[in-house]
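Participant: sequence and predicted structure, then a few things I'm wondering about:
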Amino acid sequence: MKYKRIKGTRDILPEESWKWQYLEQFITKILEQNNYNLVRTPVFEMTDLFTRSIGEETDVVSKEMYSFTDKSGKNLTLRPELTAPVIRMYIQNNLNQISPVIKLFYIDSLFRQERPQKGRYRQFHQFGFEIIGTPHPESDAEVIQTMVAIYTKLGIRDLKVKLNSIGSRDSRNKYLETLQSALEQHKTKFCSTCQDRMEKNILRLFDCKSQSCQDLLDEFAPPIIDSLSVEDREHFTQVQNFLKISGVDFEVDKKLVRGLDYYTRTTFEITSSLLGAQDAICGGGRYDHLVEDLGGQPTPAVGVACGMERLMLILDQIDTIPARKNKLVYFAVLGENAREKAFEILCKIRNRGVTAEMDFMRRSLKSQMRNAGKKEAHLVAIIGDNEIEENRIILKNMKLGKQQEVTVENIINEILKQLNEVEV
RNA sequence: GUGGGUGUAGCUCAGUUUGGUAGAGCGCCUGGUUGUGGCCCAGGUGGUCGCGGGUUCAAGUCCCGUCACUCACCCCA
C-alpha cells in the first residue's frame, strides 16, 4: 500500500462519523444555553505565541510542537493548544470592547508530536471554553460546573473533580523560592528527571510518578497552600463555596499542578476511571496574566479544555449515544421507463426532506430487497415498467411486511403520510 | 527518547512448537422457478502470509535485518 495515514492521525469512517457530529452538536447546544459563543482560529500561528504563553521549558513547547518555516522565513507552528490562540484573537480583535466579560468556546483540532497511545493522538480534538475579563471565583466555579453538567448530561457518572490553587503569580514565585530552598539539601535523593526539573520548573516535581520522589515531597516540601496570600486563599475558598452551591462534588488535591506555565490560582482536572492510563478527560484553570503577557490589557480569565477522543472512549463504553434516526425510503426499480420515473420521484421526495435512495446496480428485485433490508429502509417503493404503464407503484412497509398500491400522483403524499405515522 | 506486544482475506483471527499445494467465522456478490428483504440452504468473490535477505529439494512456519501498528513510560486532553 503506497499511501498510509500519518502516524498518530485517524480516519473517521462512516460508521463512526455520525457519533462525532452528534457529540459536537450536543456540546454546542449546552454551551450556547450557558451563553458561550463559538469561535474558530487558524490551525497555525506564529511559533512565538506558544513559546511565550505555554512556557519554553514545558514538554509541549520543547519537544512536541509541529513547527516549520514558511517561504518568507516566518516561524510557524500547528497549534498544540487553543487557549493562546483564543487569547490572541481576543486581543487582536479588541473583544474587550464588546463587554467587560466575554464567554467563548471552541471545538477544533490540535497537534502535538508525541508517541501515540490509547486516547492520545498527534492530531486530536478538544472542545473548551473560556471566561475572559473577570477575576471572581464564581466564574471559576461556572467553568467547572458547566463541564460537569456536559458530562452528566452525556450520561457519564464515573467522574472525579480534582481542585487546587497554585496561587497568584506573586505568591507562587515566593512559593517556588521556599520550595527550592526546602528541597535543595535533599536534591540528590530525587530521581534524575526531578533533579533536572528543580533547575527548570520545580513545580513539576509534584507530577513525578516515582513513589520515592513523592515520599520525599510529602516529607520535605511545604504545602503550596501555606504560601498563598490571604486574597488567594479567600478566592480558593470562594471557588469551593460556589462549587458546593452548584452541587458539584470535588476533592482538593494539594499536589495538582499543571503542565502549562500560564496558570494562576485555580487549577483543576476531571478524571474518569473508565479511561485507564490516560485518565484525565479535561483540565483547566485560571490564567490571570496571559492576556497582558501576550500584549493586551491586564485581564483575568479562566478556562478549560476537554479531550474529545478520550470523551468518545468513555461514551463508547457506556453506550449512550442514540442511534441515527433518519427513516430511509428505498426505491427498487425494474426496467428503463421505471428507472426514469423513479429517479424523478426520488429527487422530488428528497426536496420534501425525506431520506431516500434508489438502486444504482440494476440488480434483480430480490437483490434490491435484500439491500433495502440491510440498510434498514422503512419503506420500499417498488417501481417496474408494469407499474408505470398502469400508473401505480407498490409501497411496502418493511417493518409491518405489508404493501399496497398507490398511484404515481399520490406516491409522495403517501410516503410522507406513512413516515409520519407513530410507531407502536 | 525508553520498554513490551502484534503484523496471514474487507473485518476478527486460527495455522508457526514438529518446514510439504493458504484456512475458518463474519462481510460482500449470485442463486434457491415468472418481479419481494430479514431466518435458512447452496455456490462464488477475495491473500506478494508487513517488507528484504539467508538456510533448504521445499519457508506463513527456521535464522538475520528492516518497516509498520499497538500498549505502556515520559508528558498531556
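Facilitator: Looks like it came in fine.

Participant: so what does the residue of the stretch 151-300 of chain A at minimum distance from RNA strand B look like in phi/psi?
Facilitator: Relative to RNA strand B, the nearest point of the stretch 151-300 of chain A is residue A:259 (1.3 Å; C-beta to the nearest atom of the strand). Glycine gets a C-beta too; all of them are placed from N, C-alpha and C. When read as degrees, to the nearest 10, the backbone of residue A:259 gives phi -80, psi -10.

Participant: what is the neighbour count of it?
Facilitator: 16 (other C-beta atoms under 10 Å).

Participant: what do you get for the one 4 residues further on?
Facilitator: By the measure other C-beta under 10 Å, the count of residues near residue A:263 is 27.

Participant: try the one 5 residues further on
Facilitator: Neighbour count of residue A:268, defined by other C-beta under 10 Å: 28.

Participant: now the nearest residue to it once chain neighbours are set aside, which residues is it bridged with?
Facilitator: Closest residue to residue A:268 apart from its sequence neighbours, by C-beta to C-beta, 6 or more residues apart in numbering: residue A:163 at 4.8 Å. Note on residue A:163: beta-bridge partners by DSSP bridges are residue A:252, residue A:268.

Participant: isn't residue A:163 up against residue A:253?
Facilitator: Yes - between residue A:163 and residue A:253 there is a contact under C-beta atoms under 8 Å: 6.8 Å.

Participant: tell me which of these two has more neighbours.
Facilitator: Counted by other C-beta under 10 Å, residue A:163 and residue A:253 do not tie: residue A:163 has more neighbours, with 22 against 16.

Participant: list the residues that contact that one.
Facilitator: If a contact means C-beta atoms under 8 Å, 6 or more residues apart in numbering, then residue A:163 has A:144, A:239-240, A:243, A:250-253, A:256, A:266-268 as its contacts.

Participant: same question for residue A:37.
Facilitator: Here residue A:37 is in contact with A:102-105 (C-beta under 8 Å, 6+ apart).

Participant: closest to RNA strand B out of those residues?
Facilitator: Distances from RNA strand B to those, taken by C-beta to the nearest atom of the strand, are shortest for residue A:105, at 14.7 Å.

Participant: okay, buried residues for the longest helix seen in chain A please.
Facilitator: With secondary structure taken from DSSP state H, chain A has its longest helix at helix A:14-33. Going by neighbour count (16 or more other C-beta atoms under 10 Å), the buried part of helix A:14-33 is A:19-20, A:23, A:27, A:30-31.

Participant: do the same with stretch A:64-77
Facilitator: Buried, per 16+ other C-beta under 10 Å, within stretch A:64-77: A:65-66, A:76-77.

Participant: got it, and stretch A:310-317?
Facilitator: Across stretch A:310-317, burial judged by 16+ other C-beta under 10 Å covers A:310-315.

Participant: so which of those sit within helices?
Facilitator: Applying DSSP H to the buried residues of stretch A:310-317, the entries found in helices are A:310-315.

Participant: is it correct that residue A:196 falls within a helix?
Facilitator: Yes - under DSSP: H, G, I helix; E, B strand; the rest coil, residue A:196 falls within a helix.

Participant: confidence score at it?
Facilitator: Note on residue A:196: pLDDT of 77.

Participant: can you check the one 10 residues further on too?
Facilitator: pLDDT, residue A:206: 79.

Participant: quick check, it in a helix?
Facilitator: Yes - looking at residue A:206 with three-state DSSP, it is inside a helix.

Participant: that one: neighbour count?
Facilitator: Neighbours of residue A:206 under the rule other C-beta under 10 Å: 22.

Participant: re the thing from before, closest one of the buried residues of helix A:14-33 to residue A:125?
Facilitator: residue A:20 (8.4 Å; C-beta to C-beta).

Participant: residues contacting the closest one?
Facilitator: Here residue A:20 is in contact with A:12, A:308, A:312 (C-beta under 8 Å, 6+ apart).

Participant: about what we covered before: dump the ones in helices among the buried residues of stretch A:310-317 to CSV, plus distance to RNA strand B.
Facilitator: Shown next, in CSV, are those (distance: C-beta to the nearest atom of the strand, whole Å):
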residue, distance to RNA strand B
A:310, 5
A:311, 8
A:312, 10
A:313, 9
A:314, 11
A:315, 14
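
Participant: the residue nearest to residue A:343 when sequence neighbours are not counted and residue A:364, how far apart?
Facilitator: Nearest-residue entry for residue A:343: residue A:358, 6.8 Å, with adjacent residues in sequence omitted and distances by C-beta to C-beta, 6+ apart. Distance of residue A:358 to residue A:364, computed by C-beta to C-beta, to the nearest Å: 15 Å.

Participant: more crowded one of the two?
Facilitator: residue A:358 (17 against 12).

Participant: which residues in the stretch 151-300 of chain A form helices?
Facilitator: Using DSSP state H, counting those that start in this stretch, the helices of the stretch 151-300 of chain A run over A:169-184, A:192-200, A:211-220, A:230-246, A:290-293.

Participant: I'd say residue A:231 and residue A:168 touch.
Facilitator: Yes - counting by C-beta under 8 Å, residue A:231 touches residue A:168, with 7.2 Å between them.

Participant: neighbour count for these two, which is higher?
Facilitator: Higher neighbour count among residue A:231 and residue A:168: residue A:168, with 20 against 14, using other C-beta under 10 Å.

Participant: quick one, what contacts that one?
Facilitator: A:229, A:231-232, A:264-265, A:288.

Participant: tell me, how many residues neighbour residue A:176?
Facilitator: The local packing of residue A:176 (other C-beta under 10 Å) involves 16 other residues.

Participant: need the contact list for it.
Facilitator: Applying C-beta under 8 Å, 6+ apart to residue A:176 gives the contacts A:202-203.

Participant: partners of residue A:402 in the sheet?
Facilitator: residue A:397.
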